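A.B. asks: give the three-dimensional model of this entry:
(chains A and B)
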Amino acid sequence: MTHASGGDGTIVFTPQWTAQAQFAGYYVAEARGFYREAGVDVRIEHPSATQPAMSRLRAGECHATTLQLCQALEIVDGNIPLVNILQTSMNNAMVIVSARGKDPLTQRGARVGIWSVGFGQLAICMSNKDHLDYQWVRFAQNVNLFVSGALDATLAMSYNEYYQLLQAGIEITDKNVYRFCDHGYNVQEDGVYMTRQYYEQHRDQARRFAQASRKGWEWAAEHPDEALDIVMQYVNRDRIATNRMLQRLMLADVLRLQVDRESGRREFRLRPDMVQLANRLMHEGQMLSREVTYEELTDNAISK
Amino acid sequence: MNKLSAYIRRKLSVRVSLWVVLFAALIFIAALSFFFYQAREAVRQEAFNRATQILDKTSLRVEGILNRVEVATNMTQWLVQRHPDKSDSMFVYSRGMLLNNPDFYNCSIAFEPYHFQDKGRYFSAYSRHQGDSIRTIQGGSDNYQYFFMDWYLMPTLLDQPCWTEPYMDFDAPTNSYEMVTSYCQAIKDKTGKTIGVINTSLSLNWLSHTISTVKPYPNSYSIMLGRGGTYFVHPDTAKITRQTIFTQTLEQADTAMTALGHAMQRGEEGMKQMKLNGSDCYVFYKPLGKTGCSMAIVCPESDIFGGFDRLRQAVMNIVILGLLLMLFFFIRIITRELSPLRRLAKEAETIASGQFDTQLPELQRTDEIGQLSHSFADMQQSLVKYIGELKNTTAQKASIERDLHIASGIQMGMLPKNFPTYPDRDDVQIFASLVPAKEVGGDLFDFFFRDEKLFFCIGDVSGKGVPASLVMAVTRSVFRTVSAHESMPDNIVKIMNQALAEMNENNMFVTLFVGVLELNTGQLLYCNAGHDAPLLIGAGVGELPCDSNIPIGVMPSWDYSLQEAHIFTGTTIFLFTDGLTEAMDADKAQFRMERVNSVAADALAHEQKEPRQLIESMSKAVHEFVGNAEQSDDLTMMAIQYIKKQDDVKLHKTLVLPNDTQEVPRLNDFVQEVCLKAGFASDVTMQLRLAVEEAVVNVMNYAYPPGTPGNVTLEVQTTDTRIQFTIIDSGVAFDPTAIPEVDTTLSALERPIGGLGIHLVRQIMDEVRYERSGTLNVLTLTKIISAPKSQ
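C.D. replies: Numbering: from 1, shown residues only, chains lettered A, B, ... in the order given. Alright, predicted model coming up:
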């Protein structure tokens, strides 16, 4: 708590991954001065590859972080109350890609890569539910393990690792990909969370931060090329080993995931039914000790 | 273009030179194509060898260093496994590794979380070079949870030591990146359980530097790919670690690039030809030891074959220049060599224009042109001599021609001319024509009147030209002389034969027809000595029957036979020589007798048997047939029409009918009309009609073979004392008067068939007479009119 410079009103925001187009909206909001216009100081600090963003939040190194809904439920279940101040994702992006053209659902007991920083709750649920008994191998970053043949399958985000696999020359067909969103696991992912404690103290700042961030995303959706330029600035500054092509694909996919399947719009809201679905799935997967309600995660003032 | 081709056609020197150069060019093209192909293959092979050498060298070098890393790591692993519980020793081991191997980048000996209870979650003995010293620290932390790193996971998961994908290692104190790859080996306890991993890294900067400076050709470059296709060496540094060989293919499919990427990922070695950034390139690739990396050398085709292409261009230029020079000099040399020929040609033209005394150039050459010049000079001399002779000959020939022309005039003068010769005669009309094939000919004809007789002859002397014409003149003179006092044609011919045979030293002979026509009666006496039988054109067309006598002038003792025929009023005798029947057209086909007959029949049908008309239509037919062909033989025709009318004839009418009994009503009308005019009583008229009908129908039915068309001519003459019907046909000879009288006492059933008709005719008519005149049957029925009758 002492590390974050909460006192001078600056919000330190940590996206849950190294710099990439997944966080384009926040970069846009910062680069185009939306935060400044909203009267809020925001500093974006990325975590390292093996450091979960949540641990920075817990350690008070940042005030806001992006989390997947399932992660958030897990954390709240672990007695750290969180508030969702902005929900960007409306769809699930997780896939399983298996090697050698095999159907992931036939790979019982396979060694499957999973992010060490803690995404992939739904995959664990699915593995349990379908008795696939995957042997989870936690990895830090990139797809090298899978490419080197050390894994039978790997979890991947459709906007990131999926394209990295393609870029590594892996052949991906309809057969060796399992998309969670198409099998009853379409649970929202990225949203911006704060600890309830911080939120209670900085309600107004949080609201302005959320609105400016949303504006950043809307601008990025309207100006994807300029947004990509901004993303590349952040990427290059952090010397991330990626390229413009991957980032363009990622941005397009992230923006696609922000459109609600049912309404066809960018809604920027947490859906109560999705919270319920996530609760149910994680409960079935014995990953939650109790139900974390929609109300627990939200504040009426924000969600309206 | 046309001018150029005309120039080439005109100039032998240009043409020959072009052929030679063209042939040389073909040989050059064939030889150079083969050479260039072989050379190109050699260059390609050389490039392949060169690239392969470089790749092998680099690979070997990498292999050597990798082996050292592996050996050193193996030894350290052995040490660690002997003392797995002594955490502090780990620092010594990792440090020792770098001390003994100064070219290694770093070494960490990392353990599973909480392996050493007193060391907490993380324990990794990490050493690396820092300047000249070695820094050794405890490496794991919350920010660096090493057990999730590839190097830690891979040897465990693969259950064997392995090399990681190269990665950029960031060194915070120096703020520098180093490309490294790590050899990782699992540390196991006595139960075989993995308790940690030894990781020895090797900087690849030297490798990347070595590879990036590999430049066998000016514009060639090298690349290095990791297992995932990531570029670790590339001339475009922005791509290094950030892009893979497949990145471009995400947006735009490139099967060649994809295939290359996969081949390199699989650790294959080889060469591919492909298009990179728009230019054709050769890519040579080979895996780099066990690192999983692959190196490739990209050589633009223009670089590999640059020298070769320049050489080829130079050679081509030299060849083209050489061929042009060759063409130039060939034209010059051939032109020079042929210049005497040109002079000779010019002089020949002068000679050809008539200047035979032109001085030919004096050539001191012994080659073909010299020989030609000498031959030409000889020819010129011969020509001058020959032309002189020719002049004389031509003068002589002109003189002969003049004589011949006069001779022709004389010859023609011998023949009767100024047709119609006797226009006032009421008994006969004559027309003749003689067209010699040469200036003078061997055909003759003649006629004259004496003692109310017409003497005429037509003949053809064997051979042509002057000899024939002389014999012709003699024959004609002899005819005149003999016939002046001799009236029988056979005698005339006999005497002429003897006379000619006597002076016939050259064995020439004459075919001759001599006729004497009694003008009052129409009786014709004639003798034919081997000549074509004349045609009689009267009621029909038929040949005058002729005995086969030989031509005169051959056998003085030959006994020529006399023949006789009756010529009816209006009948035309058509005489001709073989120049008519044997007239030939351009295809050597002959006019033939059939055509003569056809023209005569045509003339008869169109009432054109008057001599002049007949000969003109015959001449016309022959000319049309012959066309432009040269006349092959003398052509002589003579026509004599007997036109004497009986003094007492009051009525003379003719009817021609086809041999068709359907025509009988016309016949009856005709007879009825004539009898009416003659003033016969109706019963006599009926009888006459019956008799004529019997006779004509008989002819219609039997004269011609069944189905053959033919004519029946009926002439009627009446005088004060008689009426005479003459029935003429050209059918088979048949004398109805020769049929015996019918025995009318027998019953109709017992009597033989036929004979009754002629019996009837005999009963009605006073006289029934038959004669065979030439090819004609002539049946004359006469009825005496006793006294004038009246109605």
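A.B. asks: what helices or strands is the longest helix along chain A leaning on?
C.D. replies: Counting residues, the longest helix found in chain A (DSSP state H) is helix A:203-222. When contacts are defined as 3 or more Cβ pairs under 8 Å, 6 or more residues apart in numbering or on different chains; DSSP states H and E, helix A:203-222 sits against strand A:10-14, helix A:24-31, helix A:34-37, strand A:82-87, strand A:191-195, helix A:244-257, helix A:300-303. For glycine as for every other residue, the C-beta is placed from the backbone atoms N, C-alpha and C.
A.B. asks: and the least confident helix or strand in chain B by mean pLDDT, what's buried?
C.D. replies: Least confident helix or strand of chain B, by mean pLDDT, DSSP states H and E, is strand B:167-171 with a mean of 78. Within strand B:167-171, the residues that count as buried by 16 or more other Cβ atoms under 10 Å in any protein chain shown are B:167, B:169.
A.B. asks: that one: partners in the sheet, and parallel or antiparallel?
C.D. replies: Applying DSSP bridges to the sheet, strand B:167-171 is found paired with strand B:176-188 (antiparallel).
A.B. asks: got the CA positions of the partner strand in PDB?
C.D. replies: Extracted C-alpha coordinates of strand B:176-188, given in PDB (Å, rounded to 0.1, in the frame of the first residue of the first chain):
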ATOM      1  CA  SER B 176      22.300  -4.400 -22.700                       C
ATOM      2  CA  TYR B 177      20.700  -7.400 -24.400                       C
ATOM      3  CA  GLU B 178      22.600 -10.500 -25.200                       C
ATOM      4  CA  MET B 179      21.200 -13.200 -27.400                       C
ATOM      5  CA  VAL B 180      21.700 -16.500 -25.500                       C
ATOM      6  CA  THR B 181      20.800 -20.100 -25.700                       C
ATOM      7  CA  SER B 182      20.800 -22.400 -22.800                       C
ATOM      8  CA  TYR B 183      21.700 -26.000 -22.200                       C
ATOM      9  CA  CYS B 184      19.500 -27.400 -19.500                       C
ATOM     10  CA  GLN B 185      19.900 -30.600 -17.600                       C
ATOM     11  CA  ALA B 186      17.600 -31.900 -14.900                       C
ATOM     12  CA  ILE B 187      19.100 -32.700 -11.500                       C
ATOM     13  CA  LYS B 188      17.600 -35.800  -9.900                       C
END
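A.B. asks: quick one, the longest helix of chain A and strand A:10-14 angle?
C.D. replies: Per axes from the mean of the first three to the mean of the last three Cα atoms, to 10 degrees, the angle that helix A:203-222 makes with strand A:10-14 is 50 degrees.
A.B. asks: just to revisit the earlier point, so which residues make contact with the least confident helix or strand of chain B?
C.D. replies: For strand B:167-171, contacts defined as Cβ atoms under 8 Å, 6 or more residues apart in numbering or on different chains pick out A:239, A:241, B:105-106, B:128, B:150, B:176-181, B:201, B:241.
A.B. asks: skipping its backbone neighbours, what lies nearest residue B:259 in space?
C.D. replies: Among residues not flanking residue B:259 along the chain, residue B:272 sits closest, at 7.2 Å (Cβ to Cβ, 6 or more residues apart in numbering or on different chains).
A.B. asks: the one you found belongs to a strand?
C.D. replies: Yes: when DSSP: H, G, I helix; E, B strand; the rest coil is applied, residue B:272 is found to be in a strand.
A.B. asks: what strand or helix carries residue B:613?
C.D. replies: Taking DSSP states H and E as the definition, residue B:613 sits inside helix B:611-626.
A.B. asks: give me the mean pLDDT for that helix.
C.D. replies: Averaged across helix B:611-626, pLDDT comes to 89.
A.B. asks: tell me the pLDDT at residue 231?
C.D. replies: Went with chain A since none was named. 96.
A.B. asks: ah, I was thinking of chain B
C.D. replies: 89.
A.B. asks: report the separation between it and chain A.
C.D. replies: Between residue B:231 and chain A the distance is 10 Å, computed by Cβ to the nearest Cβ, to the nearest Å.
A.B. asks: now residue A:159. Nearest residue, chain neighbours left out?
C.D. replies: residue A:253 (3.7 Å).
A.B. asks: next one: residue B:128
C.D. replies: residue B:106 (3.7 Å).
A.B. asks: ok, residue B:651 touching residue B:720?
C.D. replies: No: in this structure, residue B:651 is not within contact of residue B:720 by Cβ atoms under 8 Å, at 10.9 Å.
A.B. asks: give me the neighbour count for residue 58.
C.D. replies: Using chain A here. Residue A:58: 16 surrounding residues under other Cβ atoms under 10 Å in any protein chain shown.
A.B. asks: the intended chain is chain B.
C.D. replies: By other Cβ under 10 Å, 21 other residues sit near residue B:58.
A.B. asks: is it in contact with residue B:293, as I believe?
C.D. replies: No: using Cβ under 8 Å, residue B:58 is not in contact with residue B:293, being 10.7 Å away.
A.B. asks: what do those two both touch?
C.D. replies: With Cβ under 8 Å, 6+ apart as the test, residue B:58 and residue B:293 reach no residue in common.
A.B. asks: which residue packs closest to residue A:101, ignoring adjacent ones?
C.D. replies: Using Cβ to Cβ, 6+ apart, the nearest residue to residue A:101 is residue A:176, at 5.0 Å.
A.B. asks: how close does the residue of chain B most remote from its centre get to residue B:88?
C.D. replies: The outermost residue of chain B relative to its centre, with distances by Cα atoms, centre = their mean, is residue B:118 at 110.2 Å. From residue B:118 across to residue B:88, the span is 11 Å (Cβ to Cβ, to the nearest Å).
A.B. asks: what do you get for residue B:476?
C.D. replies: Taking Cβ to Cβ, one finds residue B:476 at 166 Å from residue B:88.
A.B. asks: residue A:105 now?
C.D. replies: 49 Å.
A.B. asks: which one of these two has more residues nearby?
C.D. replies: Comparing residue A:105 with residue B:88 by other Cβ under 10 Å, the one with more neighbours is residue A:105, at 13 against 9.
A.B. asks: where does the closest residue to the more buried one other than its chain neighbours sit: helix, strand or coil?
C.D. replies: Using Cβ to Cβ, 6+ apart and skipping the chain neighbours, the partner closest in space to residue A:105 is residue A:178 (6.4 Å). Under three-state DSSP, residue A:178 falls in the strand class.
A.B. asks: give me the neighbour count for residue A:178.
C.D. replies: 21.
A.B. asks: do I have it right that it meets residue A:95?
C.D. replies: Yes: between residue A:178 and residue A:95 a contact is recorded at 6.2 Å, counting by Cβ under 8 Å.
A.B. asks: tell me the contacts of residue 162?
C.D. replies: This is for chain A. Neighbours of residue A:162 in contact, by Cβ under 8 Å, 6+ apart: A:95, A:97, A:156, A:172.
A.B. asks: the chain in question should be chain B.
C.D. replies: A:148, B:154-155, B:183-184, B:290.
A.B. asks: how about residue A:181, secondary structure?
C.D. replies: Applying three-state DSSP: residue A:181 is helix.
A.B. asks: wait, it touches residue A:90, no?
C.D. replies: No: using Cβ under 8 Å, residue A:181 is not in contact with residue A:90; the gap is 10.4 Å.
A.B. asks: neighbour count winner among those two?
C.D. replies: residue A:90 (25 against 18).
A.B. asks: surely the more buried one is in contact with residue A:261?
C.D. replies: Yes: in this structure, residue A:90 is within contact of residue A:261 by Cβ under 8 Å, at 7.2 Å.
A.B. asks: domain assignment for chain A?
C.D. replies: If you go by automatic domain parsing, the domain ranges for chain A are A:6-91+A:188-303, A:94-183.
A.B. asks: name the SS class of the closest residue to chain A within the stretch 651-791 of chain B, please.
C.D. replies: Proximity of the stretch 651-791 of chain B to chain A (Cβ to the nearest Cβ) peaks at residue B:707, 99.3 Å away. Three-state call for residue B:707 (three-state DSSP): coil.
A.B. asks: what about it, how many residues close to it?
C.D. replies: 5.
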